[in-house]
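1. Sequence first, predicted model second:
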Amino acid sequence: MKKTITILTFLSLLLTIWAAVLWLLPSAADTTNTNKTRYGLNEGLELVELNNGATGKRYVVEDANGNELFTIPLRNCMLDTRYRNGQLRFRELATRREGFIDRDGIVTFTTTAADSILPKDMQTAATIAQTSNEANSGINTYQKASASIGKGAQSIPTVSLQKIAKDNPFYKEAAKVLKGKMSVDDAKNRRMILNYCEHFRTAYTTKDIPFLRQVFSDKALIIVGNMVKPAADNGKCQAGGSRVTYAIHSKRNYLLRLSKVFDMNKNVDVSFSDFRIMRHPTMDGIYGVTLRQQYKSDRYSDDGYLFLLWDFRDKTMPLIHVRTWQPAEAIHDTNEIINIQDFNLE
């Protein structure tokens with residue numbers, strides 16, 4: 001009997017591990033039969049369409065020697081087919097927002113459709129080079145994302161790693177990359193993390209639900225902490241004795257709740273500090289990001305520690321598998337902050 005229980009326990013453990021592996025493994029991409037469509041060299045750069053058949057299309061930019069520089073970091077967009085004055089113009093089909101990709105692959109939003117500045121001769125060509133719904137996002141350089149929602153929206157200038165100021169929350173991690181002591185792949189991944197985390201921050205200030213829907217894995221684990229203060233007999237909160245409760249949300253539920261918050265608040269401001277990147281010791285492309293987040297809106301404000309588990313194994317579509325938030329007042333020691341070591345991914 002004991003032997004049977006032991007065997008069943010072992011099999012159950014194996015199934016659990018196998019399920020976790022299947023959950024994390026990216027889908028295999030068939031790169032053996034890739035058809036290329038070239039749109040012509042201009043200003044030393046060329047837009048190239050890569051069609052992998054069943055896995056869909058993606059667009060890259062190559063230099064004059066045919067070296068791939070970066071993947072177009074957009075999805076469901078209409079693209080110009082050539083660079084003009086160092087810019088590759090685009091328009092998002094869903095939001096009608098417009099912008100450009102510079103020579104380093106950095107995205108900047110500039111206008112809405114009402115203020116369209118797309119070249120007139122782009123309209124026909126762009127339809128040919130339209131990124132598909134299956135094309136995935138992959139920005140491989142840091143940007144202070146530019147965003148616009150209607151006229152008068154705030155525009156955030158693009159900044160390179162070398163220009164990040166010492167008081168910027170990303171400065172320490174950017175300096176590590178610039179020292180050049182990391183492997184090429186690790187440095188690229190960290191650049192992408194810096195870029196995506198800034199875009200992630202501005203997604204809250206600009207209420208960019210489509211970006212958040214894109215970047216969260218469909219099976220994302222989202223944990224939100226909340227301080228609960230016991231009430232006295234008179235109904236008022238007592239000093240001391242607070243405890244933390246945690247709620248687990250699905251991606252769908254979290255985004256629905258967030259949409260309601262955005263609708264009820266005209267202004268939302270999010271700032272980061274204590275930013276730190278940790279690479280998984282054995283799984284390439286898996287990174288943990290811990291940071292302190294100060295959130296303020298018209299109706300609510302909080303201060304807490306955010307953890308994001310990023311998966312960069314598919315270079316064209318980085319995903320967040322885990323997001324946790326802990327109230328700052330519940331943290332008495334840095335060891336209490338959730339980090340990548342708290343998750344068994346193997």
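-> Thanks, I have the structure now. Nothing here was measured: the structure is a model prediction, and the numbers come from that model. Residues are numbered from 1 along each chain as shown.
2. residues near the residue nearest to Asn42 when sequence neighbours are not counted, how many?
-> Residue nearest to Asn42 in three dimensions, not counting chain neighbours: Arg82, with 4.1 Å by Cβ to Cβ, 6 or more residues apart in numbering. In this view, the C-beta of every residue, glycine as well, is placed from N, C-alpha and C. Residues near Arg82, counting by other Cβ atoms under 10 Å, number 20.
3. so who does Arg82 touch?
-> Tyr39, Gly40, Asn42, Glu43, Glu46, Leu47, Leu88, Ala125 (Cβ atoms under 8 Å, 6 or more residues apart in numbering).
4. If you rank the residues you listed by neighbours, which is first?
-> Leu88 (26 neighbours).
5. which SS class is it?
-> What DSSP: H, G, I helix; E, B strand; the rest coil gives for Leu88 is strand.
6. Just confirm it contacts Val61, I think it does.
-> Yes. In this structure, Leu88 is within contact of Val61 by Cβ atoms under 8 Å, at 7.3 Å.
7. Which members of the contacts of Arg82 are the farthest-apart pair?
-> Pairwise distances across these peak at 15.6 Å for Glu43 and Ala125 (criterion: Cβ to Cβ).
8. do you know how far Asp218 is from Leu255?
-> Per Cβ to Cβ, to the nearest Å, Asp218 is found 11 Å from Leu255.
9. And the strands in this protein?
-> Under the criterion DSSP state E, the chain carries strands at the ranges 35-42, 45-51, 57-63, 68-71, 77-79, 88-92, 98-101, 107-111, 216-228, 243-249, 268-279, 286-297, 301-311, 319-327.
10. Out of those strands, which gets the lowest mean score?
-> Mean pLDDT is lowest for strand 107-111 out of those, coming in at a mean of 72.
11. Can you report how many residues neighbour Ser100?
-> Just so we're on the same page, residue 100 is Phe rather than Ser. 21.
12. I should have written Val270 there, sorry.
-> So Val270, with other Cβ under 10 Å, has 16 neighbours.
13. Who does it form a beta bridge with?
-> Tyr295 (DSSP bridges).
14. who's in contact with it?
-> Contacts for Val270 (Cβ under 8 Å, 6+ apart) come out as Arg201, Tyr204, Thr205, Gln293, Gln294, Tyr295, Lys296.
15. Please apply the same query to Leu291.
-> Leu291 sits next to Pro169, Cys197, Phe272, Ser273, Asp274, Phe275, Arg276, Tyr305, Leu306 when contact means Cβ under 8 Å, 6+ apart.
16. Select only the buried ones of the residues you listed in PyMOL?
-> Here is the PyMOL command that selects the buried residues among the contacts of Leu291 (16 or more other Cβ atoms under 10 Å):
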select buried, resi 169+197+272+275+305+306
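17. Farthest pair within the contacts of Leu291?
-> Using Cβ to Cβ, these reach their maximum pairwise distance at Cys197 and Tyr305, which is 14.3 Å.
18. Give me the neighbour count for Lys57.
-> Neighbours around Lys57, by other Cβ under 10 Å: 17.
19. doesn't Thr37 make contact with it?
-> No. Checked against Cβ under 8 Å, the pair Lys57 and Thr37 is beyond contact range at 9.0 Å.
20. Quickly list what's touching both of the two.
-> Listed as contacting both Lys57 and Thr37 by Cβ under 8 Å, 6+ apart are Glu49, Asn51.
21. what about Val289, neighbour count?
-> Close neighbours of Val289, defined as other Cβ under 10 Å, add up to 23.
22. give me every residue that touches it.
-> Contacts of Val289 were listed using Cβ under 8 Å, 6+ apart, and they are Ile193, Cys197, Phe275, Arg276, Ile277, Met278, Leu306, Phe307, Leu308, Trp310.
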